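K.L.:
sequence plus the predicted model coming up.
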Amino acid sequence: MQIETANDFGKYTLSKGLVNAISSANYSSPTPVQHSTIPLIVAGLDLIVQSQTGTGKTAAFVIPIIELLDSNPGTLEVLFLAPTRELAKQVGEEFIKFGAHKNIEVTTIYGGTSYERQYEALETAQVVTATPGRLIDLIERGKVDLSKLRVFGLDEADEMLSMGFQEEVDKVIRKLPENRQSLLFSATITPEVRSLGKSMLYYPEFITHSDESVTADDVQHIYYPISGVGRVRELVRVLEFADPENAIIFANTKDDTFMISRYLTRCGFRVAPLNGDLAQTARERTLADLKSGKIDFIIATDVAARGIDVSDLEAVINYQISDSAEVYVHRTGRTGRAGRKGTAISLVAAGERATLFSIKKLYDVPLKEKLLPTTQDLIVEKQKNLIKNLTRKTNAVSESYVKIARSLVENPSEDNILMIAELLSIATTRAQTKKAVQPTSGRRQETPVAGETNRKEVQSEEKTRTHSRELRSKDGSPSAKPASESRRNDGKSRNSPPKNAERKSDRKPQETKGRSNRSKTRNENTKSKGDRSSAPNKSRNQNDTFGASRAEKEKHLTGKIWVNIGNTISESKDDFIEIICDLAGVMPEDINGVQIDEAFSFIEVRKDYLFDMIKAMNNQEYEGLTITAQQARK
């Protein structure tokens, strides 16, 4: 008998208490995956369900499972595995939400937490959500009784296998009673997922919505072809143009998450890294900051981002796309959820086009190519965003002010236009002040990272903190803007390299700001990052030879850049290379060697990076000097 309710879930012959719980959760109509799965799970069938993130798939299995249960504390009847603690907690919270009216006891099991608390919770648990590793540990300790299990499920099965949990999942399956219902949910159905399904399911029904698209209809997929050098500068350009309210920016390595976070912070963005080095409490705090609006962007690896649940995420940005097309589906599935619009943006270098082709072919993703925005594009878009942001934040105003504004608009004299411009300036400043980065030595105070004190990151932070203050344009904005946005040459530039290498600078030597004597001593006694030669304890001579070995030079053709800064900016090769990396938007390993003179220097780089770096550095401002860079004369 169908129950008359305020939502459409009553047609599935669910109990009245459950239908009311669904209404309380503000669910009015089932999503396609919910409509397909709820009746079959209630009927006791095994299922393989292919559904993307953000389609309501968690509720699609939680709701019918709750319908099957009666309160029975202490008897474990439902076990669901998830690849990450965040996802396990998310699934557990859904069971709690929909099962509260039946007093269903739910506990979540994952590593990094107290065993004693988990032992205690398992004594009354009827539903357990868990990560594979900790569950196996507790099973082997004899703390988990699976003999009366009724329903076993895997969420994000493809992610679980890609993370290397095949062996743990197989161990769990071998411990399960034969008479059970099994459910497998996955965003993509790979051969490995199919094989797993055969080992755990009994004549399963296969449900998929991939005939439409594995990706959400409400997500716009955009990619920007890039050169690959100076990628982080191009990310800044894209962020300034797209201007998303919030986003997850995906990088492929932990080191890149730190590097991107530092760079974007220097450019004025509110960001935080999220990777496997962070303690669980730090990760949860970072996610809470994103949800509350304290930060706008998380720079994450795939492993750290798995299980992130931010329902109103405006954009997902692939700083680098993964080699796996399936990973693209998982990343972009985090935006455009629950009927909201979203944007997936990817920076794609030439060597990444093959993956892009796989994404299009395998999953029918409507990828749209766009060119990187020009300086004029950025100006126009910033004006649009300014008006949009001011309109969005406008509060109710007095009618008298409205009349004054109308009179100013209707009488566009020069004075009135200047007055309107001044008011816009004040409003913009107020809006930006509310979102200002908290000043902590010129950068955002980042979340402490577990074990980071043993990383080279700590050493580089000291240098980064110094030139983040120095590396600024005349108006105080970070100079890490794209080269095409750099300020025009104001006549301070030295226009060409001297014909005589003995030429001295007419600038007075000055002590580099923020450099400590201890830093100088360390650099004198240690090998420079830019020095690739095998000679130990190499001197920091001004005319130091280029560090790239003959084998490296044969591997990559190299070229030399002449730049009009020398040891009056920094006597340390380490610091000099850091400065060049900031100006050009490259990494230290992209620089094969440097030769530092008093008023100028030569930089040896891969030949395919040569002109991109020259373009990036030219006309930027550093310590009051307009940078000039060009290909060195032979």
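P.N.:
Cool, the structure landed.

K.L.:
am I right that V91 sits in a helix?
P.N.:
Yes: applying DSSP: H, G, I helix; E, B strand; the rest coil, one finds V91 inside a helix.

K.L.:
numbering from 47 from now on, please.
P.N.:
I'll keep to 47 as the first residue from here, and by that count the last item is V137.

K.L.:
what's the neighbour count on the nearest residue to it once chain neighbours are set aside?
P.N.:
Leaving aside its sequence neighbours, V137 sits nearest to T175 (C-beta to C-beta, 6 or more residues apart in numbering; 4.5 Å). Every C-beta, even on glycine, is put in place using the N, C-alpha and C of the backbone. Using other C-beta atoms under 10 Å, the number of residues around T175 comes to 30.

K.L.:
can you check G612 too?
P.N.:
As a burial measure, G612 scores 21 neighbours (other C-beta under 10 Å).

K.L.:
host element of it?
P.N.:
According to DSSP states H and E, G612 maps onto no helix or strand at all.

K.L.:
beta partners of S228?
P.N.:
Applying DSSP bridges to S228 gives these bridge partners: F198.

K.L.:
D301: what secondary structure?
P.N.:
Using three-state DSSP, the three-state assignment for D301 comes out as helix.

K.L.:
look up how far L281 lies from it.
P.N.:
Separation of D301 from L281 (C-beta to C-beta, to the nearest Å): 16 Å.

K.L.:
these two: which has the busier surroundings?
P.N.:
L281 (26 against 15).

K.L.:
tell me the contacts of the more buried one?
P.N.:
Residues near L281 by C-beta atoms under 8 Å, 6 or more residues apart in numbering: I295, I306, L310, I363, Y365, L393.

K.L.:
quick check: which element contains the closest residue to the first one other than its chain neighbours?
P.N.:
Leaving out its chain neighbours, the residue that sits closest to I295 by C-beta to C-beta, 6+ apart is I363, at 4.5 Å. Secondary structure from DSSP H and E places I363 in strand 361-364.

K.L.:
my guess is S75 meets G56, correct?
P.N.:
No: the criterion here is C-beta atoms under 8 Å, and S75 misses it with G56 at 11.4 Å.

K.L.:
these two: which has the busier surroundings?
P.N.:
G56 (18 against 9).

K.L.:
distance from the chain centre to the helix or strand harbouring A390, please.
P.N.:
Element membership for A390, per DSSP H and E: strand 388-394. Taking C-alpha atoms, centre = their mean, to the nearest Å, one finds strand 388-394 lying 11 Å from the centre of the chain it belongs to.

K.L.:
cool, stretch 131-150 as well?
P.N.:
Offset of stretch 131-150 from its chain centre (C-alpha atoms, centre = their mean): 27 Å.

K.L.:
quick one: pLDDT of G522?
P.N.:
Note on G522: pLDDT of 41.

K.L.:
same question for the one 3 residues further on.
P.N.:
Per-residue pLDDT puts S525 at 40.

K.L.:
what's the neighbour count on the residue lying closest to T378 once chain neighbours are set aside?
P.N.:
Leaving aside its chain neighbours, T378 sits nearest to A390 (3.9 Å; criterion: C-beta to C-beta, 6+ apart). Neighbourhood size, A390 [other C-beta under 10 Å]: 25.

K.L.:
just for the stretch 497-646 of the chain, where's the confidence low?
P.N.:
Along the stretch 497-646 of the chain, the model assigns pLDDT under 70 to residues 497-602.

K.L.:
how many neighbouring residues does E166 have?
P.N.:
E166 is flanked by 12 other residues according to other C-beta under 10 Å.

K.L.:
any idea how far K135 is from it?
P.N.:
Using C-beta to C-beta, one gets 18 Å for the distance from E166 to K135.

K.L.:
pull stretch 298-311 out as PDB, backbone CA atoms only.
P.N.:
Output of stretch 298-311 as PDB, limited to C-alpha atoms (Å, rounded to 0.1, in the frame of the first residue of the first chain):
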ATOM      1  CA  ASN A 298      49.400  14.800  -8.500                       C
ATOM      2  CA  THR A 299      52.000  15.000  -5.700                       C
ATOM      3  CA  LYS A 300      52.300  16.100  -2.100                       C
ATOM      4  CA  ASP A 301      55.200  18.500  -3.000                       C
ATOM      5  CA  ASP A 302      53.100  20.200  -5.600                       C
ATOM      6  CA  THR A 303      50.300  20.800  -3.100                       C
ATOM      7  CA  PHE A 304      52.700  22.700  -0.800                       C
ATOM      8  CA  MET A 305      54.300  24.600  -3.700                       C
ATOM      9  CA  ILE A 306      51.000  25.700  -5.200                       C
ATOM     10  CA  SER A 307      49.600  26.700  -1.800                       C
ATOM     11  CA  ARG A 308      52.600  28.900  -1.100                       C
ATOM     12  CA  TYR A 309      52.500  30.500  -4.600                       C
ATOM     13  CA  LEU A 310      48.800  31.200  -4.500                       C
ATOM     14  CA  THR A 311      49.000  32.600  -1.000                       C
END
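
K.L.:
list the buried residues of it.
P.N.:
Applying a neighbour-count criterion of 16 or more other C-beta atoms under 10 Å, one finds N298, K300, D302, T303, F304, M305, I306, S307, R308, Y309, L310, T311 buried in stretch 298-311.

K.L.:
just name the closest of the residues you listed to G379, please.
P.N.:
Taking C-beta to C-beta as the measure, G379 sits nearest to N298 out of the buried residues of stretch 298-311, at 18.0 Å.

K.L.:
thanks a lot, catch you later.
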